[in-house]
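Visitor: Kindly generate the corresponding structure for this input.
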Amino acid sequence: MANQIVLVDDDPFSQKIAEDILESNGFEVTVLSSGSQLLDYRKKSSPDLILLDIRMPEMDGFETLKKVRELEEELDLEDIPVVFLTSETSSETETRAFELGISDFIRKPFEPVVLIRRITNVLSRHSVLYNIDEETTRDNLTGLLNKTAVSSKLEMLCRRKPGYLMRIQLDAFKMVDDFYGHAASDKLLVSFAILVRGFLGPEDVAGRFGWNEFVAFSSFLKSEEDLKHFSENLNATLLADAKKILVEDITLPIGASIGIAVLRGKGEEYDDALRKAARAQHQVKYSGMHGYCIYEEEESTEDSTSAIKEALSILPSEALPAGLAPYGNSFENALSEGSNRPEPLWVAVVDDDEMNLRLAERILTKNDVKVTKLSSGEALMDFLDESRPDLILLDIIMPGMDGFETLERLHTGKPKTADIPVIFLTAENDTATEKKALKLGAKDFIRKPFIPEILTMRVKQIAELLRLQKNLSEEVERKTKENELLFLHVVSSLAGAIDAKDTYTNGHSSRVAEYSKEIAKRFGYNQKGQNDIYILGLLHDVGKIGVPDSVINKPGRLTDEEFELIKRHPAIGSQILKNIREMPKLSIGARWHHERYDGTGYPDGLAGEEIPEEARIVAVADAYDAMSSKRSYRNIMPQEKIRSEIERGMGTQFDPQFARIMIQMIDEDTDFTMREGGRD
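Guide: As a prediction, the model looks like this:
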């Protein structure tokens, strides 16, 4: 599928030129003339890239980009990469643009090759970042969000957005696993995941929560009638797929039990909503499995039982209700639509002799190898501007650039093509030529005229080596991701243990981590920087492990001696974390989050920019959560009071630039969701 590009420019001449260049290179282009048109378009569509002119009437490119990012945050949309178009050459303009988070700059008037290369590079980088994120957040079997990722996403959604939180269990799954084996049970589980995702709305969130359990949040389903249809459709289609995957006359009680918690989007806690959904799900199982139940508070047992029986659906009929045919694909169909056959080996053959090119093509094509024929070293270098074959067969004796010069140019060129393996083709038979070729980095030698078996064998050997290297690289990457995820699990568990010591600050560390990450995002940190500071926020209070519980949980104000014990926790935390070599900055938040901008903080009395930037961010987030949470000696402070305290601390307690961002976040939080317990 072609990449979707939105071009925003008020100049019809520039529009036409860019549109022609892009469409001739296989891109699908939507042309808009103003920032306001882009905002309307972004509400309904998600292109792969936005090309945005800087100089436009009404809203210029800078203001448009700011409003697009605000809209994406408001609607919980993915940030689309933006490339600025400009005829300016000012470094100040360029600096300002990159500070706003653009992906690249393209000068006008357009050079076609430059335009396409820069766009391709941005799309490639974005794709790599997206794939890395997908690897760390997706369940390997079902493709849905994994437990950690879906829980993180739903914690914020439950506080801010009205809808239904559902715990969905695939019933009788253990019996399927016992009777039909792991392969069959895995197929059924994948089919079930496809159905759950398919019956939800496009903006809804779903993830795998356990072995046979899923969790989902829907604002697409609007009423109990919608929930009833969701349950009936899910059960009916699941049973139909189970008969195809297992046996037609299946007797196992396969179905789905769904517990539902209603959320108003007024600061409800995810864990509390999850418990309510679990209780409702237990009622479904208690009443016979398969169906749904909405959690209702303060009902009598008799009323509750009556409501549950009314809400539950008996195993629904096998026929899929009218209007839902698009979601009725069986597991096999869904799997075949999403699967990709492995790509054939792609070889570029470079030789100035047309007969040799045809012979190599005929031999290799018969052995399932894709061949691109090129007649010179110059043609190869042009070809590699846009393409990356798996292997190059390169003749040595050619007019223009010979094989040696071509290989040298290849190795000093773009990183993405410099490592393509090269096999030399030659009629020469002297040792000096062979030594020179191998010294330059050639992988092998093939003599001309070609012997079909030798040509095929040499190419296949190199291909197998490539495959093994790729598999090793992927395995190393997978293990790295697993280790990173394990590290995050350990950090989260440790943060939970820290918070559990203090009965008055439950959830404090995770909230400070969230606020710190948001401040960093708004300040311009990249995704890795945001993730790093999130972990710093989670562990900023790790030193409290070394403070007696009697001091931490003392009701009322502390004595001077007790406060001195509390003041030791930054140094203790730093000592605990400083030896984690994988994240050398990990101890920063722990040691310096109580330093003050005017130098009167502790433990080291650092001032201004002597305090590491990450610690200055965590300090603001920590202070906000302390004021917006209950303490043993006071209740939650009013939002206006918190705002004025942070404003008053600018330049004394807090770095002014991060305090201003925190105040902006407070002003935007009109529903008071960004505080313990939501609206007070």
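Visitor: so A216 touches G198, yeah?
Guide: No. Between A216 and G198 there is no contact under CB atoms under 8 Å: 11.7 Å. Any C-beta I mention is one placed from the backbone N, CA and C, and that applies to glycine too.
Visitor: So for these two, which residue has more residues nearby?
Guide: More crowded of A216 and G198, by other CB atoms under 10 Å: A216, with 28 against 17.
Visitor: Leaving out the residues flanking it, which one is nearest to the more buried one?
Guide: Closest residue in space to A216, ignoring its immediate chain neighbours: A206 at 4.1 Å, by CB to CB, 6 or more residues apart in numbering.
Visitor: Tell me, what's the model's pLDDT at that neighbour?
Guide: pLDDT recorded at A206 is 92.
Visitor: okay, now it: neighbour count?
Guide: For A206, using other CB under 10 Å, the count is 23.
Visitor: Would you agree it falls within a helix?
Guide: No. Going by DSSP: H, G, I helix; E, B strand; the rest coil, the assignment for A206 is strand, not a helix.
Visitor: was I right about it contacting A149?
Guide: No. Between A206 and A149 there is no contact, the gap being 11.1 Å when judged by CB under 8 Å.
Visitor: Neighbours of K528, how many?
Guide: 10.
Visitor: Low-confidence bits of the stretch 451-600 of the chain, can you list those?
Guide: The stretch 451-600 of the chain contains residues with pLDDT under 70 at 466-467, 469-471, 473, 476, 480-506, 581-582.
Visitor: Sorry, wrong one. I was asking about the stretch 1-150 of the chain.
Guide: Using pLDDT under 70, the flagged stretches of the stretch 1-150 of the chain are 1, 89, 91, 125-136.
Visitor: ok, so what distance separates S219 from T670?
Guide: 19 Å (CB to CB, to the nearest Å).
Visitor: For those two, indicate the residue with more neighbours.
Guide: S219 (17 against 9).
Visitor: and the more buried one, how far is that from R160?
Guide: 11 Å.
Visitor: So E78 lies in a strand, does it not?
Guide: No. Per three-state DSSP, E78 lies outside any strand segment and is coil.
Visitor: As a check, name the ranges of all strands in the stretch 251-400 of the chain.
Guide: For the stretch 251-400 of the chain, the strands defined by DSSP state E, counting those that start in this stretch occupy 255-263, 291-294, 345-350, 369-374, 391-395.
Visitor: so how far is stretch 590-602 from its chain's centroid?
Guide: From the chain centre to the centre of stretch 590-602 is a distance of 34 Å (CA atoms, centre = their mean, to the nearest Å).
Visitor: Show residues contacting that stretch.
Guide: For stretch 590-602, the external contacting residues (CB atoms under 8 Å, 6 or more residues apart in numbering) are 536, 539-543, 567, 570-571, 573-574, 576-577, 603-608, 611-612, 615-616, 618-619, 622, 651-656.
Visitor: what do you get for stretch 575-589?
Guide: With CB under 8 Å, 6+ apart as the criterion, stretch 575-589 contacts 487, 516, 532-533, 535-537, 539-540, 542-543, 545, 573-574, 590, 612, 614-615, 618.
Visitor: Give me the buried subset of those residues.
Guide: By neighbour count, with 16 or more other CB atoms under 10 Å, the contacts of stretch 575-589 hold 516, 532-533, 535-537, 539-540, 542-543, 573-574, 590, 612, 614-615, 618 as buried.
Visitor: Among these, which are located in helices?
Guide: Members of the buried ones among the contacts of stretch 575-589 lying in helices (criterion: DSSP state H): 516, 532-533, 535-537, 573-574, 590, 614-615, 618.
Visitor: wait, what's in contact with I663?
Guide: 643, 646-647.
Visitor: let's go with 6 Å and repeat that
Guide: For I663, the contact set (CB atoms under 6 Å, 6 or more residues apart in numbering) comprises I646.
Visitor: would you say it is within a helix?
Guide: Yes. Counting by three-state DSSP, I663 is located in a helix.
Visitor: Quick one, grab the pLDDT at it.
Guide: Reading off the model, I663 has pLDDT 94.
Visitor: ok, now R447?
Guide: Reported pLDDT for R447: 80.
Visitor: For it, give me the backbone phi and psi.
Guide: phi -80, psi 150 (degrees, to the nearest 10).
Visitor: can you tell me how far it sits from H282?
Guide: 75 Å.
Visitor: what number of residues lie near the residue nearest to D353 when sequence neighbours are not counted?
Guide: Excluding the flanking residues, the one nearest D353 by CB to CB, 6+ apart is D395, at 7.5 Å. D395: 24 surrounding residues under other CB under 10 Å.
Visitor: what about the helices in the stretch 451-600 of the chain?
Guide: Per DSSP state H, counting those that start in this stretch, the stretch 451-600 of the chain carries helices over the ranges 452-501, 508-523, 527-538, 549-552, 560-566, 569-577, 586-592.
Visitor: Those into CSV, with extra columns for distance to R138?
Guide: CSV is the format used below for these (distance: least, CB to CB, whole Å):
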stretch, distance to R138
helix 452-501, 10
helix 508-523, 21
helix 527-538, 16
helix 549-552, 38
helix 560-566, 42
helix 569-577, 29
helix 586-592, 26
